[in-house]
Each structure stands twice: as structure tokens, then as C-alpha cells.
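Student: just coords:
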């Protein structure tokens, strides 16, 4: 029997109740969190944990790629950006070069902030 902590139960319920835009925001947040953890593990020379976190970050990027809707023109640009991020994370995982992580985190944070802004604009337009 797998018993979840109250925090895990809360997180699980949050994901289940989230809208698609909120889930995308959670994916960006998770990717940033895993990359920050990978950076810490690389700096402390914990190769196994850095690898695990970089794989988790890349899995999130793959999920973001799979959610793109090709009916929208911006999807092609986002796909190219996600492919670039995926390749950068893969390179970081191969070289364990912590100096390359911060620019990737900054790029994902910028995407996250833009997404959050778009969500707020959409929400305010629906309420108007």
C-alpha cells in the first residue's frame, strides 16, 4: 500500500483539478525546479542525481512538445525552441557542465512568465 503524505495528496489533487493552461504552467515550473536541482547536484559532483533531474527536465520538454497545436502559427516557433532546449539539456547531461544550465533555466522562466501573462490576459478578457 502506497501512503501519500498530506503534501503529496495536495499536489496530486492540484494537478487533477488544474485546467490545461494551468498544467502547462506546472510543467514549466517543474522543469525549472529539476534544472535547479541538477545544477546543485552537478556542482556537488553527484552524477546520478544530476542525471535523473536532467532526464526529468527533458521529459517535461517532450511533454510540452506533444501538447503543441499545429493549427497555430506560433507552434512551429515553440517546437524549434523546445528542440533547442532539449538538445541543450542533453548536452548538459553528457558534459555535466553546470555553467550551461543557467541560460536554459532563464529561457524556460521567460517562456513560463509569458505563458502566465497570456493566462491572465485570457482570464481578464473572459471576465470582461
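Tutor: Thanks, I have it. All values reported here derive from a predicted model rather than from experimental measurement.
Student: what pLDDT does the model give residue 42?
Tutor: Looking at residue 42, its pLDDT reads 97.
Student: so, low pLDDT: which residues of the protein?
Tutor: Along the chain, segments meeting pLDDT under 70 span 1-2, 4-18, 128.
Student: name the residues of the lengthiest helix in it that come out as buried.
Tutor: Criterion DSSP state H: the longest helix present in the chain is helix 101-127. In terms of neighbour count (16 or more other Cβ atoms under 10 Å), helix 101-127 has its buried residues at 101, 104-105, 108, 111-112, 116. Quick note: C-beta positions are derived from backbone N, CA and C, even for glycine.
Student: what packs against that helix?
Tutor: Here helix 101-127 touches helix 20-43, helix 74-95, going by 3 or more Cβ pairs under 8 Å, 6 or more residues apart in numbering; DSSP states H and E.
Student: can you give the distance of stretch 77-87 from its chain's centre?
Tutor: Centroid displacement of stretch 77-87 relative to its chain, using Cα atoms, centre = their mean, to the nearest Å, is 12 Å.
Student: other residues contacting it?
Tutor: By Cβ atoms under 8 Å, 6 or more residues apart in numbering, the surrounding residues in contact with stretch 77-87 are 58, 61-62, 64-65, 68, 104, 107-108, 111.
Student: please identify which pair of the residues you listed lies farthest apart.
Tutor: Greatest spatial distance among the contacts of stretch 77-87 (Cβ to Cβ): 68 and 104, at 19.0 Å.
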